[in-house]
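> Got a predicted model here, sequence first, then my questions.
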There are 2 protein chains.
Amino acid sequence: MKPCIEDERILKQRFLALRDTLDLLSGKWRFCILLNLHYYEKLRFKDFFEVSKGISPKVLTSELATLEAHSLIEKNIEFTPTKDITYYRLTKHAQEIWHVLNTLIEFGLSNRKEVISKLI
Amino acid sequence: MKPCIEDERILKQRFLALRDTLDLLSGKWRFCILLNLHYYEKLRFKDFFEVSKGISPKVLTSELATLEAHSLIEKNIEFTPTKDITYYRLTKHAQEIWHVLNTLIEFGLSNRKEVISKLI
DNA sequence: CAGTATCCAAAGGGATACTG
DNA sequence: CAGTATCCCTTTGGATACTG
């Protein structure tokens, strides 16, 4: 079985890029966090417990760290006379992700339609 | 914290659709199988062990079953005088998935560029 | 409030032997 | 050849108590 691929190097890069993106979105909470940051613009650590119901602090910490490491979210500190408040926001770069999520959503909708039509 | 969403029903559907798609692609082997079927057009059970190196028969069985349940692949049997051969193929509907995968790939590439540029 | 630390349960996946 | 069955390990995520 010979491969039908011309340039294996480029193919491999694309393969890794795909894996990257899937790893990034696959966590149980990751895209949920992104969606919420999209709607609310900025959120504090405690806010996530309200909007992403069921997440635990340990998991939240690790998910936020991952997203930050991938430059999708960033921490901002607002200094006030009495206290400093840390907020999480989407980065500019993360805006690109809406296109991705919409594509996934459209496929999901059409796939569901397809699956259901087979059942009926 | 009040939601900034008008039509919660539609939002929920889109959310579920997103989850569907992610679940579908998240498995370690799922999109690998789809890619291979795309390149080779049809594959037998045994062929997958050659092209998706490292997959075990148990896992392969379950991944194929899932993909078939979602109408992304289908089984065809070719009847010959001596024996019947079962092939797996992509369904017509699965063609849509290339658009999805390409979007994920493009994002992965641009994300990697973004992450690397932060490191330098 | 913003996390850490600890312990635990469930799921995903790997290796391999077996069956029709 | 096309799968099943079995056993085991690692990863992921959940509950909760604790700390600066």
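Thanks, I have the structure now.
> List the residue ranges of chain A that fall below the pLDDT cut-off.
A:1-6 (pLDDT under 70).
> hmm, try it at 80
Scanning chain A for pLDDT under 80 picks out the ranges A:1-8, A:118-120.
> can you pull out the helices in it?
A:8-26, A:30-40, A:45-51, A:57-69, A:96-119 (DSSP state H).
> what's the offset of the second one from the middle of its chain?
Helix A:30-40 sits 8 Å away from the centroid of its parent chain (C-alpha atoms, centre = their mean, to the nearest Å).
> What residues of that helix count as buried?
Neighbour counts over helix A:30-40 (16 or more other C-beta atoms under 10 Å in any protein chain shown) mark A:30, A:31, A:32, A:33, A:34, A:35, A:36, A:37, A:38, A:40 as buried. Yep, even glycine has a C-beta here, placed from its N, CA and C like the rest.
> Quick check: the farthest pair among these?
Spanning the widest gap among the buried residues of helix A:30-40 are A:30 and A:40, at 16.2 Å by C-beta to C-beta.
> Now stretch A:107-117 - C-alpha only, PDB.
The C-alpha coordinates for stretch A:107-117 follow below in PDB (Å, rounded to 0.1, in the frame of the first residue of the first chain):
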ATOM      1  CA  PHE A 107     -21.200  20.600  10.900                       C
ATOM      2  CA  GLY A 108     -22.700  19.300  14.100                       C
ATOM      3  CA  LEU A 109     -26.100  20.600  13.100                       C
ATOM      4  CA  SER A 110     -25.900  19.100   9.600                       C
ATOM      5  CA  ASN A 111     -24.500  15.900  11.000                       C
ATOM      6  CA  ARG A 112     -27.300  15.600  13.400                       C
ATOM      7  CA  LYS A 113     -29.800  16.200  10.700                       C
ATOM      8  CA  GLU A 114     -28.200  13.500   8.600                       C
ATOM      9  CA  VAL A 115     -28.100  11.000  11.400                       C
ATOM     10  CA  ILE A 116     -31.700  11.600  12.300                       C
ATOM     11  CA  SER A 117     -32.900  11.300   8.700                       C
END
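> what residues does it touch?
B:13-14, B:16-21, B:24, B:69-72, B:93, B:96-97, B:99-100 (C-beta atoms under 8 Å, 6 or more residues apart in numbering or on different chains).
> what do you get for stretch A:93-105?
Outside of stretch A:93-105, the residues within contact range by C-beta under 8 Å, 6+ apart are A:21, A:25, A:31, A:34-35, A:37-38, A:71-73, B:14, B:17-18, B:21-22, B:99-100, B:103-104, B:107, B:110-111, B:114.
> ok, residue A:22 - contacts?
The contact partners of residue A:22, by C-beta under 8 Å, 6+ apart, come to B:22, B:25, B:26, B:31, B:104.
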